[in-house]
Structure formats: C-alpha cells, structure tokens
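Asker: need the 3D shape of this:
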Amino acid sequence: MTRHRGMPFSITKNRTLEAFAIIVDINDFSQTVTAAEAGPTMGADIADFTRDALEHVVRAIEANEGEVAAIMGDAVLGIIPEGAPIRTACDEIAVAVNRESDHISEHQVNSPGDWAYSPGGVSLKICIEFGQMHVTSINTRNLGGQSLFVGSAINYASRIGAAGVGNRCLLGPAAAERLEFTSMPLRGPRHVPGKRGEPVLEYYELSLKKLWQEQTRKQVLGWNVV
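Answerer: Have a look, this model is predicted:
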C-alpha cells in the first residue's frame, strides 16, 4: 500500500501490529510544575504551557503518517508505521521546540517573570523503539472509548528516556536497525541501567544538533535537565 504524507493509518483494526513507538516528553517536568505553582501565577498557566509544547509533537506525528495513541501528562505516545517518514517527524519536533524556545528566550530578556518556571524555553526528549504492540480498548465516563496499547517497544522507549540530558533523540536497538535510521549518523551503542534485576538497556542517539540545541539553555542556567 502506498501512503501519502499526512495520510493516517489504522492502528485499531487488528489486535497486534508492528510499528515504531515514539514517546516525546518534557524534560524535568516535575520541577517545572513545582516552580510554576510557587510562582506569581500559582501555576495557572502551566497547563497551557504544556499544551503548547506538546501540540507541536502531535502535529508532527500526525503529519508523518502516524497516530497519537495517548497523551500521558507531559508526554505523547505516538505510533508510526514502518516505512513512514519517522525521521522527518523527529526533525519537525526539533525545529518546533527550538523555535518556541527562541521565542520564550527572547521574551524573557525583557520580561524574565514570564514563564519563569521554564527559563530558556522548552526542553524535550524523543525516545523511539520498534516492535510488536498489542491493542485493545478501554472505556471511561469522561473520555469514552479509548484504544489501549501494550508492548515491549513502548516500555523500552519509555525506559531509555532516563539516559542523557537536555534535548535528545534516543533509539532502541530494534529501531536503530530499521531502514529509516540505518543511514543516519547514530552515536552508540550506549547503555542505561535497567531496573533492579533487569539487564542493562542499549540505546543509540540520533544527532539533531543542526535543528535544536542539544545543550539547552536550562543547563546553561544551572538546571539539571533530565
């Protein structure tokens, strides 16, 4: 089947599928929320700040043949099929977050109190793994029917996010072996400790430094961005 840019694919017709799991979340979000709630706005604008940061992620996933499977607080889980332009999605996320951070940074020069809980703008990590996912559905009174995705690729993508600091794009070993990334300049393999009793996790880093600042402004200001 030939897909066209922006064309959605069905992620719920079958109970299993093989695809890329991409998890994008905001670095150091707990500290950001705490700082926002202690500030002059008492956190009144932190939800909108989070929405603005994640909206770019949603648009990039959907524009590159993927679908958003879940929004989990400060994180977006996307499912992107093999053969889709997932690297373009990563590029677009990096460009968007860098543009927004530039805007916030420039604004804070004269108005340092605005978004003071996020000095220098937004910092994100992109974590990707490829594999089989199992699909079912769940219903809630508020959300109605929702698709539920479970699989080791999702778990792996979530876990490797503990590695590195600042803006970064990390790939699990299965994702790094797919054609979408084999021609890319990857750093690795690198390793991050597993949970107690579990093996060390291997990952690779895809450099996007031409598109975003991998050493973030928050680090320059002394924040430990993880």
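Asker: identify each buried residue in the longest helix seen in the chain, please.
Answerer: Criterion DSSP state H: the longest helix present in the chain is helix 86-110. Within helix 86-110, the residues scored as buried using 16 or more other Cβ atoms under 10 Å are 86-87, 89-98, 100-101, 104, 108. (Each C-beta comes from the backbone N, C-alpha and C, glycine too.)
Asker: and stretch 140-151, by the same measure?
Answerer: Quick answer for stretch 140-151 (16+ other Cβ under 10 Å): 149, 151.
Asker: for it, measure first residue to last.
Answerer: End-to-end distance of stretch 140-151 (Cα to Cα, to the nearest Å): 22 Å.
Asker: and the residue positioned nearest the centre of the chain, how far is that from Ala35?
Answerer: Residue closest to the average C-alpha location in the chain (Cα atoms, centre = their mean): Val24, at 0.9 Å. Plainly put, Val24 is 21 Å away from Ala35 if you go by Cβ to Cβ, to the nearest Å.
Asker: in this protein, which spans are helices?
Answerer: 29-38, 46-63, 86-110, 152-160, 173-176, 179-182, 217-220.
Asker: pLDDT on the fourth one, on average?
Answerer: Helix 152-160 shows an average pLDDT of 95 in the prediction.
Asker: distance from the chain centre to it, please.
Answerer: 12 Å (Cα atoms, centre = their mean, to the nearest Å).
Asker: what's the answer for the second one, then?
Answerer: Relative to the mean C-alpha coordinate of its chain, helix 46-63 is positioned 10 Å out (Cα atoms, centre = their mean).
Asker: who are the packing partners of it?
Answerer: Packing contacts for helix 46-63, counted by 3 or more Cβ pairs under 8 Å, 6 or more residues apart in numbering; DSSP states H and E, involve strand 16-26, helix 29-38, strand 67-72, strand 75-81, helix 86-110.
Asker: quick check: which helices or strands does the longest one pack against?
Answerer: So the one you mean is helix 86-110. Against helix 86-110 (3+ Cβ pairs under 8 Å, 6+ apart) you get strand 16-26, helix 46-63, strand 75-81, strand 124-140, helix 179-182.
Asker: could I get the helices of the chain as CSV with distance to Tyr204?
Answerer: Listed next are the helices of the chain as CSV, based on distance: least, Cβ to Cβ, whole Å:
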stretch, distance to Tyr204
helix 29-38, 24
helix 46-63, 20
helix 86-110, 13
helix 152-160, 9
helix 173-176, 4
helix 179-182, 8
helix 217-220, 22
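Asker: the ones you listed: lowest mean pLDDT?
Answerer: helix 217-220 (a mean of 46).
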